[in-house]
Structures are given as C-alpha cells and as structure tokens.
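S.K.: sequence below, structure please.
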Amino acid sequence: MGYVSAVPLPRTEEPSSARAGRRSVAVALLLGALGAAVVLLASGRTWAHGTAGVGGGALPLTADGRAVTGVPAALAIVGLAALVAVFAVRGKGRLLVAALLALSGLGAALAAVAGAFDREALDAAAARTTADTAATVAGITHTAWPYVTATGAVLILAAGLLALRFGRAWPAMGGRYERAGGPRGGRPAVVDPERPEDLWKALDRGEDPTR
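M.R.: Have a look, this model is predicted:
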C-alpha cells in the first residue's frame, strides 16, 4: 500500500527591506518627537549664571537658553513640521523634506553647543539691570542644559537620517483620498435606485445617482 509523503509548503516571509522600513518609521517618529520635546524643554532652562556689580554689591543674574539663542527652539519646531510632512509627500519631495529634518537637527545641535560658551545674554541682562550699557558680568558659570539641548537636536538629526535612508518605503498619508470620489479604475460604481444606501454613497462620491 503506497503512501503520500507530506511535503511542507515553503513559507512566504516578509522581505527584510519591508520589515526594516516599518521599524524605521516607528524609530524615526520616536526620535524626532522626543528630540523636539527635549530641545524645547531644555532651551527654556537656565544656561548661564553670573553676577553684576551694583552699588558696591553683587547682583546675581541668569540667562535661559532662549535668551542666549532662539535657534535651537525654532529649528525644533521646523523639525517637527518636517517630520509630519515626510508622510504627506512622496518621491523627491520626501527626500527634500527628510533633508530639511536632518538639517534642522544639525543646526539646532551646533547652535546649542555654541551657546554653551555665550556671555552676551548675561551682559545684556547686566546692562538692563544696572542701566549701564557698559556693565559686564563676572563669575560666569554655564550649566549642562546647552548640552542636553544638543542631545535632543541629535535625536532630530537621527530621525532625518533614517528618513533619508528608508523614507522611500514609508507609507504616505491620504493615499485613499487621492482619487477624487470614485472607485478604483475610474469606473463609476453601480447604483441600485431601490437601495437608499447606494444613493447616499453616490452623492458622497459626487456622482449623480439618477444617471
């Protein structure tokens, strides 16, 4: 008596490029959103301390990151907008937006590091406080917040690099609405005049149900 051996069917595995693309979307969104949040939070913290001489005494002064430079916060907002816009465009437009995202992170990081050694904001605060345009600040110390800001900016940069590398495989928003009110293939759907739901669906698509 013969028998039939069971031959296992080959498993259809998802292409590695598709898996990498899906993972990169989640990672890029996480890095971009987290980085922008860190930049916006850290740029509002105190970056520098100092003292200004007033009436024979010393007046303590502080300067937050936005007084030192508004560039990191502004570029973080640009980066957030670019992160959303990446999914709204395709082709070369997506690459351009991804490049803007990466450059936003790079620019914010460089501005934050440069601001870590700034003293102009404290000098300006001393001039305002003492009403003496020649007043300067002594005993300047800087905090770690500029470097925290730069770290957040690097996360935005990483999100942009991921978008440049894997962005072509990412989905786009609004794909289901690209065909203006019609079924696939451009052929009008069949409308049964005896079914009210078909009439309403035709009206929603912008069709004349009486035709």
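S.K.: low pLDDT regions in the protein?
M.R.: Along the chain, segments meeting pLDDT under 70 span 1-22, 55-56, 134, 172-211.
S.K.: show me where it has its helices.
M.R.: Ranges of helices within the chain are 16-42, 65-68, 71-85, 92-115, 120-130, 145-166, 196-204, based on DSSP state H.
S.K.: of the ones you listed, which is nearest residue 54?
M.R.: helix 120-130 (5.5 Å; Cβ to Cβ). Any C-beta I mention is one placed from the backbone N, CA and C, and that applies to glycine too.
S.K.: between helix 92-115 and that closest one, find me the angle.
M.R.: Taking axes from the mean of the first three to the mean of the last three Cα atoms, to 10 degrees, one finds that helix 120-130 is oriented at 60 degrees with respect to helix 92-115.
S.K.: turn the helices of the chain into a markdown table, including mean neighbour count.
M.R.: Listed next are those as a markdown table, based on neighbours: other Cβ atoms under 10 Å:
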| stretch | mean neighbour count |
| --- | --- |
| helix 16-42 | 18 |
| helix 65-68 | 24 |
| helix 71-85 | 22 |
| helix 92-115 | 21 |
| helix 120-130 | 18 |
| helix 145-166 | 23 |
| helix 196-204 | 13 |
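S.K.: I'd like the ones you listed as CSV, with distance to residue 51 appended.
M.R.: Formatted as CSV, the helices of the chain follow (distance: least, Cβ to Cβ, whole Å):
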stretch, distance to residue 51
helix 16-42, 24
helix 65-68, 17
helix 71-85, 26
helix 92-115, 20
helix 120-130, 9
helix 145-166, 19
helix 196-204, 69
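S.K.: tell me which of those helices sits nearest to residue 59.
M.R.: helix 120-130 (6.2 Å).
S.K.: need the residues that contact the closest one.
M.R.: Residues from elsewhere that reach helix 120-130 (Cβ atoms under 8 Å, 6 or more residues apart in numbering): 47-48, 50, 52-54, 59, 61-63, 67-68, 132-137, 140.
S.K.: quick one: buried ones out of these?
M.R.: Buried members of the contacts of helix 120-130, counted by 16 or more other Cβ atoms under 10 Å: 47, 48, 50, 52, 59, 61, 63, 67, 68, 135, 137, 140.
S.K.: what's the separation between the residue lying closest to the fourth one once chain neighbours are set aside and residue 140?
M.R.: Put plainly, it is residue 52. Spatial nearest neighbour of residue 52, chain neighbours left out: residue 126 (3.8 Å); criterion: Cβ to Cβ, 6 or more residues apart in numbering. As for residue 126, its distance to residue 140 is 11 Å (criterion: Cβ to Cβ, to the nearest Å).
S.K.: ok, residue 77 next?
M.R.: 29 Å.
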